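> Structure for the following, please:
(4 chains)
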Protein chains: 2
Amino acid sequence: MLSKKAKYALQALIQLAREYKQNPVLISELAQRERIPKKFLELILLDLKRHGILQSKKGKGGGYFLGKPPEAIAMGQVIRILDGPLAPLPCVSQTAYMKCQECRDEKTCSIRMVMQQVRDSTAGILDGTSLADLMQLTPKKTARKRL
Amino acid sequence: MLSKKAKYALQALIQLAREYKQNPVLISELAQRERIPKKFLELILLDLKRHGILQSKKGKGGGYFLGKPPEAIAMGQVIRILDGPLAPLPCVSQTAYMKCQECRDEKTCSIRMVMQQVRDSTAGILDGTSLADLMQLTPKKTARKRL
DNA sequence: ATTTACTCTATTAAACTGATAGAGTAAATA
DNA sequence: TATTTACTCTATCAGTTTAATAGAGTAAAT
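As a prediction, this is how the structure comes out:
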(Lines give C-alpha, C1' and ligand atoms only; values in the text may rest on other atoms or scores of the structure.)
Protein backbone atom coordinates (compact mmCIF):
# COMPACT_ATOMS: atom_id res chain seq x y z
CA MET A 1 0.00 0.00 0.00
CA LEU A 2 1.22 3.46 -0.91
CA SER A 3 1.64 5.56 2.24
CA LYS A 4 0.33 9.09 2.52
CA LYS A 5 3.92 10.22 2.73
CA ALA A 6 4.71 8.81 -0.70
CA LYS A 7 1.49 10.07 -2.18
CA TYR A 8 2.08 13.58 -0.80
CA ALA A 9 5.60 13.43 -2.22
CA LEU A 10 4.33 12.58 -5.68
CA GLN A 11 1.67 15.28 -5.54
CA ALA A 12 4.22 17.90 -4.53
CA LEU A 13 6.69 16.75 -7.16
CA ILE A 14 4.09 16.96 -9.91
CA GLN A 15 3.47 20.56 -8.88
CA LEU A 16 7.18 21.30 -8.89
CA ALA A 17 7.55 19.64 -12.26
CA ARG A 18 5.07 22.14 -13.67
CA GLU A 19 7.28 24.97 -12.42
CA TYR A 20 10.51 23.43 -13.60
CA LYS A 21 13.10 26.08 -14.53
CA GLN A 22 10.85 28.77 -13.08
CA ASN A 23 10.92 30.13 -9.53
CA PRO A 24 11.38 28.10 -6.34
CA VAL A 25 8.10 27.21 -4.67
CA LEU A 26 7.44 27.71 -0.97
CA ILE A 27 6.63 24.73 1.23
CA SER A 28 3.59 26.60 2.46
CA GLU A 29 2.48 27.21 -1.10
CA LEU A 30 2.75 23.51 -1.95
CA ALA A 31 1.07 22.51 1.30
CA GLN A 32 -1.87 24.75 0.61
CA ARG A 33 -2.29 23.78 -3.02
CA GLU A 34 -2.26 20.05 -2.28
CA ARG A 35 -3.86 20.25 1.17
CA ILE A 36 -0.92 18.61 2.90
CA PRO A 37 -0.08 19.39 6.56
CA LYS A 38 2.80 21.85 6.20
CA LYS A 39 5.06 20.41 8.87
CA PHE A 40 4.59 16.93 7.50
CA LEU A 41 5.42 18.10 4.00
CA GLU A 42 8.63 19.71 5.29
CA LEU A 43 9.92 16.32 6.37
CA ILE A 44 9.03 14.79 3.04
CA LEU A 45 10.70 17.49 0.96
CA LEU A 46 13.79 17.36 3.13
CA ASP A 47 14.02 13.65 2.54
CA LEU A 48 13.66 14.11 -1.21
CA LYS A 49 16.36 16.75 -1.08
CA ARG A 50 18.76 14.44 0.73
CA HIS A 51 18.27 11.99 -2.09
CA GLY A 52 19.02 14.54 -4.79
CA ILE A 53 15.49 14.72 -6.17
CA LEU A 54 15.02 18.27 -4.98
CA GLN A 55 17.13 21.34 -4.36
CA SER A 56 16.27 24.32 -2.19
CA LYS A 57 17.12 27.93 -1.67
CA LYS A 58 16.90 29.64 1.71
CA GLY A 59 15.77 33.12 2.67
CA LYS A 60 13.52 35.49 0.84
CA GLY A 61 12.66 34.34 -2.65
CA GLY A 62 13.65 30.85 -1.60
CA GLY A 63 11.78 27.56 -1.77
CA TYR A 64 12.05 24.16 -3.35
CA PHE A 65 12.65 23.16 -6.94
CA LEU A 66 13.41 20.05 -8.93
CA GLY A 67 17.03 18.91 -8.89
CA LYS A 68 16.77 17.25 -12.29
CA PRO A 69 14.42 17.40 -15.25
CA PRO A 70 10.98 15.79 -14.79
CA GLU A 71 11.86 13.08 -17.32
CA ALA A 72 14.74 11.98 -15.08
CA ILE A 73 12.64 11.39 -11.96
CA ALA A 74 10.80 8.07 -11.85
CA MET A 75 7.85 7.27 -9.62
CA GLY A 76 9.63 4.14 -8.44
CA GLN A 77 12.57 6.17 -7.22
CA VAL A 78 10.31 8.49 -5.22
CA ILE A 79 8.27 5.70 -3.66
CA ARG A 80 11.41 3.81 -2.64
CA ILE A 81 12.70 6.90 -0.81
CA LEU A 82 9.52 7.39 1.20
CA ASP A 83 8.16 3.86 1.57
CA GLY A 84 11.17 1.61 1.09
CA PRO A 85 11.55 -1.20 -1.46
CA LEU A 86 8.80 -1.96 -3.97
CA ALA A 87 9.21 -5.71 -3.58
CA PRO A 88 6.49 -7.58 -1.69
CA LEU A 89 9.18 -9.73 -0.04
CA PRO A 90 12.66 -8.63 1.06
CA CYS A 91 14.15 -11.63 -0.74
CA VAL A 92 13.02 -10.38 -4.17
CA SER A 93 14.09 -6.77 -3.78
CA GLN A 94 16.70 -5.57 -6.26
CA THR A 95 17.54 -2.42 -4.34
CA ALA A 96 17.39 -3.80 -0.79
CA TYR A 97 17.79 -7.57 -0.94
CA MET A 98 17.51 -9.47 2.32
CA LYS A 99 17.18 -13.17 2.91
CA CYS A 100 13.88 -13.92 4.58
CA GLN A 101 14.43 -15.81 7.80
CA GLU A 102 11.75 -18.48 7.42
CA CYS A 103 12.78 -19.49 3.90
CA ARG A 104 14.73 -22.73 4.01
CA ASP A 105 15.64 -22.92 0.35
CA GLU A 106 15.36 -19.71 -1.58
CA LYS A 107 15.96 -21.37 -4.92
CA THR A 108 12.95 -23.65 -4.71
CA CYS A 109 10.60 -21.34 -2.79
CA SER A 110 7.56 -21.11 -5.03
CA ILE A 111 6.09 -18.16 -3.16
CA ARG A 112 9.29 -16.30 -3.86
CA MET A 113 9.15 -17.12 -7.57
CA VAL A 114 5.71 -15.61 -7.94
CA MET A 115 6.56 -12.60 -5.82
CA GLN A 116 9.56 -12.05 -8.02
CA GLN A 117 7.19 -11.66 -10.96
CA VAL A 118 5.07 -9.23 -8.98
CA ARG A 119 8.04 -7.12 -8.04
CA ASP A 120 9.32 -7.09 -11.63
CA SER A 121 6.05 -5.97 -13.12
CA THR A 122 5.53 -3.35 -10.42
CA ALA A 123 9.05 -2.01 -10.78
CA GLY A 124 8.68 -2.05 -14.55
CA ILE A 125 5.65 0.21 -14.37
CA LEU A 126 6.87 2.55 -11.63
CA ASP A 127 10.43 2.91 -12.88
CA GLY A 128 9.08 3.39 -16.37
CA THR A 129 6.87 6.31 -15.39
CA SER A 130 8.51 9.70 -14.87
CA LEU A 131 7.18 12.96 -13.48
CA ALA A 132 6.98 14.14 -17.07
CA ASP A 133 4.65 11.24 -17.83
CA LEU A 134 2.55 12.03 -14.77
CA MET A 135 2.25 15.67 -15.83
CA GLN A 136 0.96 14.67 -19.22
CA LEU A 137 -1.61 12.34 -17.70
CA THR A 138 -3.16 15.27 -15.86
CA PRO A 139 -3.45 18.26 -18.17
CA LYS A 140 -3.94 21.50 -16.25
CA LYS A 141 -7.59 22.40 -16.09
CA THR A 142 -6.84 26.05 -16.74
CA ALA A 143 -4.89 25.16 -19.83
CA ARG A 144 -7.83 23.15 -21.11
CA LYS A 145 -10.24 25.99 -20.62
CA ARG A 146 -8.05 28.23 -22.74
CA LEU A 147 -8.27 26.00 -25.78
CA MET B 1 4.58 -5.98 1.51
CA LEU B 2 3.38 -9.50 2.17
CA SER B 3 2.77 -9.97 5.89
CA LYS B 4 4.03 -12.98 7.80
CA LYS B 5 0.44 -13.96 8.30
CA ALA B 6 -0.16 -14.25 4.57
CA LYS B 7 3.14 -15.97 3.97
CA TYR B 8 2.45 -18.51 6.73
CA ALA B 9 -0.99 -19.07 5.22
CA LEU B 10 0.47 -19.82 1.81
CA GLN B 11 3.11 -22.14 3.26
CA ALA B 12 0.50 -24.08 5.19
CA LEU B 13 -1.82 -24.25 2.20
CA ILE B 14 0.91 -25.61 -0.03
CA GLN B 15 1.46 -28.37 2.52
CA LEU B 16 -2.25 -29.11 2.67
CA ALA B 17 -2.44 -29.11 -1.11
CA ARG B 18 0.10 -31.93 -1.14
CA GLU B 19 -2.18 -33.95 1.12
CA TYR B 20 -5.33 -33.14 -0.77
CA LYS B 21 -7.86 -35.99 -0.56
CA GLN B 22 -5.70 -37.72 2.03
CA ASN B 23 -5.95 -37.38 5.81
CA PRO B 24 -6.57 -34.17 7.73
CA VAL B 25 -3.37 -32.55 9.00
CA LEU B 26 -2.92 -31.36 12.57
CA ILE B 27 -2.22 -27.71 13.27
CA SER B 28 0.76 -28.77 15.35
CA GLU B 29 2.06 -30.87 12.46
CA LEU B 30 1.83 -27.92 10.06
CA ALA B 31 3.34 -25.56 12.60
CA GLN B 32 6.29 -27.81 13.13
CA ARG B 33 6.92 -28.54 9.45
CA GLU B 34 6.84 -24.87 8.48
CA ARG B 35 8.25 -23.48 11.73
CA ILE B 36 5.25 -21.31 12.41
CA PRO B 37 4.20 -20.41 16.00
CA LYS B 38 1.35 -22.83 16.60
CA LYS B 39 -1.05 -20.43 18.26
CA PHE B 40 -0.50 -17.92 15.52
CA LEU B 41 -1.16 -20.51 12.86
CA GLU B 42 -4.42 -21.46 14.56
CA LEU B 43 -5.77 -17.96 13.97
CA ILE B 44 -4.70 -18.04 10.36
CA LEU B 45 -6.25 -21.40 9.60
CA LEU B 46 -9.46 -20.40 11.34
CA ASP B 47 -9.66 -17.33 9.17
CA LEU B 48 -9.09 -19.39 6.04
CA LYS B 49 -11.80 -21.77 7.17
CA ARG B 50 -14.29 -18.94 7.68
CA HIS B 51 -13.64 -17.97 4.08
CA GLY B 52 -14.24 -21.45 2.76
CA ILE B 53 -10.67 -22.16 1.77
CA LEU B 54 -10.27 -24.83 4.44
CA GLN B 55 -12.40 -27.36 6.26
CA SER B 56 -11.65 -29.06 9.56
CA LYS B 57 -12.54 -32.06 11.61
CA LYS B 58 -12.50 -32.12 15.40
CA GLY B 59 -11.41 -34.82 17.83
CA LYS B 60 -9.04 -37.68 17.34
CA GLY B 61 -8.02 -38.16 13.75
CA GLY B 62 -9.08 -34.57 13.09
CA GLY B 63 -7.21 -31.68 11.60
CA TYR B 64 -7.39 -29.32 8.65
CA PHE B 65 -7.81 -30.03 4.94
CA LEU B 66 -8.47 -28.13 1.75
CA GLY B 67 -12.08 -27.13 1.13
CA LYS B 68 -11.65 -27.17 -2.64
CA PRO B 69 -9.13 -28.55 -5.11
CA PRO B 70 -5.72 -26.82 -5.26
CA GLU B 71 -6.45 -25.55 -8.76
CA ALA B 72 -9.42 -23.62 -7.40
CA ILE B 73 -7.50 -21.68 -4.76
CA ALA B 74 -5.66 -18.61 -6.04
CA MET B 75 -2.81 -16.85 -4.26
CA GLY B 76 -4.63 -13.56 -4.69
CA GLN B 77 -7.63 -14.90 -2.84
CA VAL B 78 -5.50 -16.05 0.09
CA ILE B 79 -3.54 -12.82 0.35
CA ARG B 80 -6.71 -10.73 0.28
CA ILE B 81 -8.12 -12.71 3.21
CA LEU B 82 -5.05 -12.20 5.39
CA ASP B 83 -3.70 -8.85 4.22
CA GLY B 84 -6.65 -7.10 2.62
CA PRO B 85 -6.86 -5.69 -0.92
CA LEU B 86 -3.98 -6.09 -3.36
CA ALA B 87 -4.35 -2.56 -4.69
CA PRO B 88 -1.70 0.00 -3.68
CA LEU B 89 -4.44 2.61 -3.30
CA PRO B 90 -7.99 2.10 -2.03
CA CYS B 91 -9.34 3.96 -5.05
CA VAL B 92 -8.05 1.34 -7.50
CA SER B 93 -9.21 -1.74 -5.61
CA GLN B 94 -11.69 -3.94 -7.43
CA THR B 95 -12.68 -5.93 -4.35
CA ALA B 96 -12.72 -3.10 -1.78
CA TYR B 97 -13.03 0.20 -3.61
CA MET B 98 -12.89 3.37 -1.54
CA LYS B 99 -12.55 6.96 -2.63
CA CYS B 100 -9.32 8.39 -1.29
CA GLN B 101 -10.00 11.53 0.70
CA GLU B 102 -7.28 13.77 -0.68
CA CYS B 103 -8.09 13.13 -4.33
CA ARG B 104 -10.00 16.05 -5.75
CA ASP B 105 -10.72 14.56 -9.16
CA GLU B 106 -10.39 10.84 -9.45
CA LYS B 107 -10.78 10.85 -13.22
CA THR B 108 -7.75 13.02 -13.86
CA CYS B 109 -5.53 11.80 -11.01
CA SER B 110 -2.40 10.62 -12.74
CA ILE B 111 -1.06 8.82 -9.68
CA ARG B 112 -4.25 6.81 -9.65
CA MET B 113 -3.90 5.92 -13.33
CA VAL B 114 -0.48 4.42 -12.81
CA MET B 115 -1.48 2.66 -9.60
CA GLN B 116 -4.37 1.16 -11.50
CA GLN B 117 -1.86 -0.46 -13.83
CA VAL B 118 0.13 -1.75 -10.87
CA ARG B 119 -2.93 -3.26 -9.21
CA ASP B 120 -4.03 -4.88 -12.51
CA SER B 121 -0.70 -6.52 -13.17
CA THR B 122 -0.34 -7.66 -9.57
CA ALA B 123 -3.85 -9.06 -9.47
CA GLY B 124 -3.30 -10.70 -12.83
CA ILE B 125 -0.31 -12.60 -11.52
CA LEU B 126 -1.69 -13.49 -8.10
CA ASP B 127 -5.18 -14.42 -9.24
CA GLY B 128 -3.65 -16.39 -12.08
CA THR B 129 -1.52 -18.53 -9.79
CA SER B 130 -3.21 -21.36 -7.90
CA LEU B 131 -1.98 -23.66 -5.15
CA ALA B 132 -1.59 -26.30 -7.83
CA ASP B 133 0.80 -24.00 -9.68
CA LEU B 134 2.72 -23.32 -6.48
CA MET B 135 3.05 -27.04 -5.81
CA GLN B 136 4.52 -27.64 -9.22
CA LEU B 137 7.02 -24.84 -8.75
CA THR B 138 8.43 -26.66 -5.71
CA PRO B 139 8.81 -30.34 -6.48
CA LYS B 140 9.13 -32.37 -3.33
CA LYS B 141 12.76 -33.04 -2.58
CA THR B 142 12.00 -36.61 -1.61
CA ALA B 143 10.18 -37.14 -4.87
CA ARG B 144 13.18 -35.87 -6.76
CA LYS B 145 15.53 -38.22 -5.02
CA ARG B 146 13.35 -41.11 -6.03
CA LEU B 147 13.72 -40.39 -9.71
C1' DA C 1 -15.93 -40.53 30.55
C1' DT C 2 -11.98 -39.06 28.72
C1' DT C 3 -8.87 -37.65 25.49
C1' DT C 4 -7.97 -35.20 21.40
C1' DA C 5 -7.90 -31.21 18.78
C1' DC C 6 -10.22 -27.42 16.89
C1' DT C 7 -12.63 -22.62 18.41
C1' DC C 8 -12.88 -18.26 20.35
C1' DT C 9 -11.77 -13.93 22.98
C1' DA C 10 -8.42 -11.17 25.15
C1' DT C 11 -4.08 -9.35 25.81
C1' DT C 12 0.61 -7.85 24.74
C1' DA C 13 5.01 -5.63 23.08
C1' DA C 14 7.08 -3.58 19.35
C1' DA C 15 6.98 -1.23 15.17
C1' DC C 16 4.96 1.90 11.94
C1' DT C 17 2.06 5.90 10.37
C1' DG C 18 0.54 10.42 10.23
C1' DA C 19 1.03 14.48 12.40
C1' DT C 20 2.70 18.36 15.46
C1' DA C 21 6.06 21.46 18.12
C1' DG C 22 9.79 24.25 18.57
C1' DA C 23 14.45 25.60 18.42
C1' DG C 24 18.14 26.39 15.06
C1' DT C 25 20.53 27.98 10.74
C1' DA C 26 21.40 30.13 6.23
C1' DA C 27 20.52 33.66 2.97
C1' DA C 28 18.50 37.70 1.18
C1' DT C 29 17.64 42.73 1.56
C1' DA C 30 16.90 47.14 3.69
C1' DT D 1 24.70 44.73 10.00
C1' DA D 2 20.03 44.01 11.60
C1' DT D 3 16.09 41.81 10.34
C1' DT D 4 13.13 39.03 7.99
C1' DT D 5 12.28 35.00 5.47
C1' DA D 6 12.21 30.27 4.92
C1' DC D 7 14.45 26.05 5.02
C1' DT D 8 16.69 22.43 8.65
C1' DC D 9 16.73 19.39 12.36
C1' DT D 10 15.33 16.71 16.57
C1' DA D 11 11.88 15.22 19.49
C1' DT D 12 7.51 13.83 20.61
C1' DC D 13 2.82 11.80 20.23
C1' DA D 14 -1.55 9.30 19.57
C1' DG D 15 -3.40 5.77 16.98
C1' DT D 16 -3.04 1.64 14.35
C1' DT D 17 -1.07 -2.58 12.76
C1' DT D 18 1.77 -6.68 13.24
C1' DA D 19 3.35 -10.78 15.32
C1' DA D 20 2.75 -13.45 18.99
C1' DT D 21 0.91 -15.56 23.37
C1' DA D 22 -2.51 -17.24 26.90
C1' DG D 23 -6.27 -19.61 28.39
C1' DA D 24 -10.88 -21.03 28.63
C1' DG D 25 -14.37 -23.38 25.82
C1' DT D 26 -16.53 -26.81 22.57
C1' DA D 27 -17.13 -30.79 19.48
C1' DA D 28 -16.04 -35.40 18.27
C1' DA D 29 -13.91 -39.70 18.59
C1' DT D 30 -12.81 -43.93 21.40
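> rest of the way, CA atoms for contacts and neighbours
Fine.
> And the one residue sitting closest to the centre of chain A, how close does it get to residue A:64?
When Cα atoms, centre = their mean is applied to chain A, the residue found nearest the centroid is residue A:78 (2.4 Å). Taking Cα to Cα, to the nearest Å as the measure, residue A:78 falls 16 Å from residue A:64.
> Helices along chain A, start to end?
Along chain A, the stretches classed as helices by DSSP state H are A:4-18, A:27-34, A:38-50, A:75-83, A:110-127, A:131-137, A:141-145.
> Packing partners of the longest one?
When contacts are defined as 3 or more Cα pairs under 8 Å, 6 or more residues apart in numbering or on different chains; DSSP states H and E, helix A:110-127 sits against helix A:75-83, helix B:110-127, helix B:131-137.
> ditto for the first one
For helix A:4-18, the helices and strands in contact under the criterion 3+ Cα pairs under 8 Å, 6+ apart are helix A:27-34, helix A:38-50, strand A:63-66, helix A:75-83, helix A:131-137.
> just checking, residue A:42 touches residue A:27?
Yes. Contact between residue A:42 and residue A:27 holds when scored by Cα atoms under 8 Å: they sit 6.8 Å apart.
> the more surrounded of those two?
Neighbours around residue A:42 and residue A:27, counted as other Cα atoms under 10 Å in any protein chain shown, are more numerous at residue A:27. The numbers are 19 against 15.
> if we compare the helices and strands packed on helix A:110-127, which one ends up closest to DNA strand D?
Nearest to DNA strand D, of all the helices and strands packed on helix A:110-127, is helix A:75-83, at 14.2 Å by Cα to the nearest atom of the strand.
> Dump the helices and strands packed on helix A:4-18 to CSV, plus mean pLDDT and distance to residue B:84.
Below are the helices and strands packed on helix A:4-18 laid out as CSV (pLDDT from 0 to 100; distance: least, Cα to Cα, whole Å):
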stretch, mean pLDDT, distance to residue B:84
helix A:27-34, 95, 28
helix A:38-50, 97, 27
strand A:63-66, 96, 36
helix A:75-83, 98, 18
helix A:131-137, 93, 27
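> Those: which one's closest to residue A:119?
Nearest to residue A:119, of all these, is helix A:75-83, at 11.4 Å by Cα to Cα.
> could you give the angle of that closest one to helix A:38-50?
Per axes from the mean of the first three to the mean of the last three Cα atoms, to 10 degrees, the angle that helix A:75-83 makes with helix A:38-50 is 120 degrees.
> Buried ones in helix A:75-83, by neighbour count?
The neighbour-count criterion (16 or more other Cα atoms under 10 Å in any protein chain shown) identifies A:75-79, A:81-82 as the buried residues of helix A:75-83.
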